[in-house]
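Trainee: here you go, sequence then predicted model.
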Amino acid sequence: MIGHVLCFGEVLLRFATPAARLTVQCDALDMVVGGAEANVGAGLASLGHGVRMLTRLPSSTLGDKARAVLGAAGVDTLHIGRTAGRMGLYFLESGAGLRPSSITYDRAGSVFANSAPDDFNFASALEGARLLHLSGITPALGPGGVALARAAVAAANAAGVPICFDGNYRALLWDAWDSDPRSILTDLMQSATVMIGNHRDISLLLGKPFSGDASDRRREAALAAFEAFPKLQLIASTARHVVNAGHHRIAARIDTRDAAHQTAEVDVTGIVDRIGTGDAFAAGVLHKWLQGADTVSTAQAGLAYTVLKHTQPGDMCLIGPAELEAFSASGGDVRR
Ligand SMILES: O=C(O)C(=O)C[C@H](O)[C@H](O)COP(=O)(O)O
């Protein structure tokens with residue numbers, strides 16, 4: 001495979017209560033395959049890019065299921081290692097109205113979390129790659145996850161492959177061990193060319209407050225990040241205002257060293273599934289970044305892909321390029 005995006009991270013199974021139900025009210029849960037980096041990979045593959053997944057899965061029917069779903073999305077799964085052990089899981093209790101959804105992780109000791117850098121052939125998976133995508137979830141898994149993220153980044157640097165890093169801050173994971181997210185994430189960000197994250201993520205990284213939603217605050221944060229991280233070329237973020245669980249207002253923003261563009265806000269009502277929408281945003285942005293597009297069309301594609309994901313159940317956005325290009329903020333009637 002040549003010219004692919006390599007996605008590195010844990011693939012999970014999600015077990016979700018049906019719409020609006022509490023766990024205590026359910027006898028059955030819906031199972032889908034997810035995981036932040038896998039979601040970005042499935043989105044990019046659906047948009048027509050070559051994508052390879054680098055991870056490790058259990059040699060069980062659960063691992064088979066995860067690999068089959070990625071393969072069906074068009075992702076190259078040949079570099080996925082298999083070994084005895086457990087699958088990382090997460091449980092989603094679906095919110096409704098003013099009651100937000102909540103997530104319970106059950107992923108400690110998974111095959112991926114227990115892996116060592118030597119369990120992966122980074123150099124071979126990166127051969128011919130245009131980009132390595134990873135996120136702040138891998139180092140949040142514990143000291144072993146930090147070692148994995150560092151090894152992936154070092155291998156990409158050695159191979160001259162640019163890196164996209166999605167902050168994906170997960171307090172539940174960082175708080176579960178004696179972690180120092182600022183120093184770990186700041187160190188990884190030194191190697192990033194593309195950052196998916198907003199002014200609050202930059203605040204965490206730099207230890208400076210950039211609160212407030214005004215556009216100039218966001219620009220100030222972006223410029224501080226460009227100064228702190230020498231390789232960084234592009235920062236992509238969303239501005240999300242939550243009205244209730246089924247209604248958000250979302251804008252997309254792209255900052256480069258010398259330009260910024262923030263789209264108009266889109267009213268997203270009747271949300272079917274909010275999980276994975278950040279990853280869909282990343283996929284939409286990278287889709288255009290890989291084409292060398294300008295800030296305006298990159299922001300628009302990120303916005304369109306994340307808005308479209310809100311209409312789809314599951315973690316992954318499997319919408320193709322034609323529908324992405326045809327997206328209009330006012331929706332439309334049945335196409336026939
Ligand atoms: O939390 C994790 O570790 C996961 O990987 C599970 C989900 O697949 C992603 O969290 C989705 O992320 P969003 O696109 O930000 O909703």
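Mentor: Happy to help now that I have it.

Trainee: can we go C-alpha only for contacts and neighbour counts from here?
Mentor: Fine.

Trainee: which helix or strand contains residue 185?
Mentor: Using DSSP states H and E, residue 185 maps to helix 181-189.

Trainee: please name the nearest non-neighbouring residue to the closest residue to the ligand within the stretch 1-150 of the chain.
Mentor: Distance from the ligand to each residue of the stretch 1-150 of the chain (Cα to the nearest ligand atom) is smallest for residue 35, at 3.3 Å. The shortest distance from residue 35 to any non-neighbouring residue, by Cα to Cα, 6 or more residues apart in numbering, is to residue 11 (4.7 Å).

Trainee: same question for residue 152.
Mentor: Here the residue nearest residue 152, using Cα to Cα, 6+ apart, is residue 122, at 6.5 Å.

Trainee: could you look up the SS state of residue 211?
Mentor: Taking DSSP: H, G, I helix; E, B strand; the rest coil as the rule, one finds residue 211 in the coil state.

Trainee: next, it: phi, psi?
Mentor: phi -80, psi 180 (degrees, to the nearest 10).

Trainee: equivalent analysis for residue 100, please.
Mentor: phi -70, psi 160.

Trainee: that one touches residue 245, doesn't it?
Mentor: Yes. The pair residue 100 / residue 245 is scored as a contact, 5.8 Å apart, by Cα atoms under 8 Å.

Trainee: these two: which has the busier surroundings?
Mentor: residue 245 (21 against 14; other Cα atoms under 10 Å).

Trainee: contacting residues for the residue nearest the centre of the chain?
Mentor: Closest residue to the average C-alpha location of the chain: residue 279 at 3.4 Å, with Cα atoms, centre = their mean. By Cα atoms under 8 Å, 6 or more residues apart in numbering, residue 279 lies in contact with 36, 37, 39, 40, 306.

Trainee: 10 Å instead, please
Mentor: Taking Cα atoms under 10 Å, 6 or more residues apart in numbering as the criterion, residue 279 is in contact with 35-43, 166, 168, 196, 285, 302, 305-306, 309, 315-317.

Trainee: tell me which of those fall in strands.
Mentor: Judged by DSSP state E, the contacts of residue 279 include 166, 196 as members of strands.

Trainee: pull up the residues of the stretch 151-300 of the chain that are close to the ligand.
Mentor: Applying Cα under 6 Å from any ligand atom, one finds that the stretch 151-300 of the chain approaches the ligand through 275, 276, 277, 278, 279.

Trainee: and the gap between residue 62 and residue 83?
Mentor: Using Cα to Cα, to the nearest Å, we find residue 62 at a distance of 12 Å from residue 83.

Trainee: actually residue 44, sorry about that
Mentor: 27 Å.

Trainee: higher neighbour count, these two?
Mentor: Set side by side, residue 44 and residue 83 show more neighbours around residue 44, with 30 against 14, by other Cα under 10 Å.

Trainee: ok, now which ones touch residue 288?
Mentor: Residues 294, 295, 297, 298, 299, 300, 301, 302 are the ones in contact with residue 288 under the rule Cα under 10 Å, 6+ apart.

Trainee: next, format those residues as JSON lines and append neighbour count, secondary structure and pLDDT.
Mentor: JSON lines is the format used below for the contacts of residue 288 (neighbours: other Cα atoms under 10 Å; DSSP: H, G, I helix; E, B strand; the rest coil; pLDDT from 0 to 100):
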{"residue": "294", "neighbour count": "14", "secondary structure": "coil", "pLDDT": "96"}
{"residue": "295", "neighbour count": "22", "secondary structure": "helix", "pLDDT": "96"}
{"residue": "297", "neighbour count": "16", "secondary structure": "helix", "pLDDT": "96"}
{"residue": "298", "neighbour count": "25", "secondary structure": "helix", "pLDDT": "97"}
{"residue": "299", "neighbour count": "28", "secondary structure": "helix", "pLDDT": "97"}
{"residue": "300", "neighbour count": "26", "secondary structure": "helix", "pLDDT": "97"}
{"residue": "301", "neighbour count": "27", "secondary structure": "helix", "pLDDT": "97"}
{"residue": "302", "neighbour count": "30", "secondary structure": "helix", "pLDDT": "98"}
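
Trainee: pick the one among those closest to the ligand.
Mentor: Among the contacts of residue 288, and counting by Cα to the nearest ligand atom, the member closest to the ligand is residue 302, at 12.2 Å.

Trainee: what sits against the closest one?
Mentor: Residue 302 neighbours (Cα under 10 Å, 6+ apart): 236-238, 251-254, 278-288, 308, 324.
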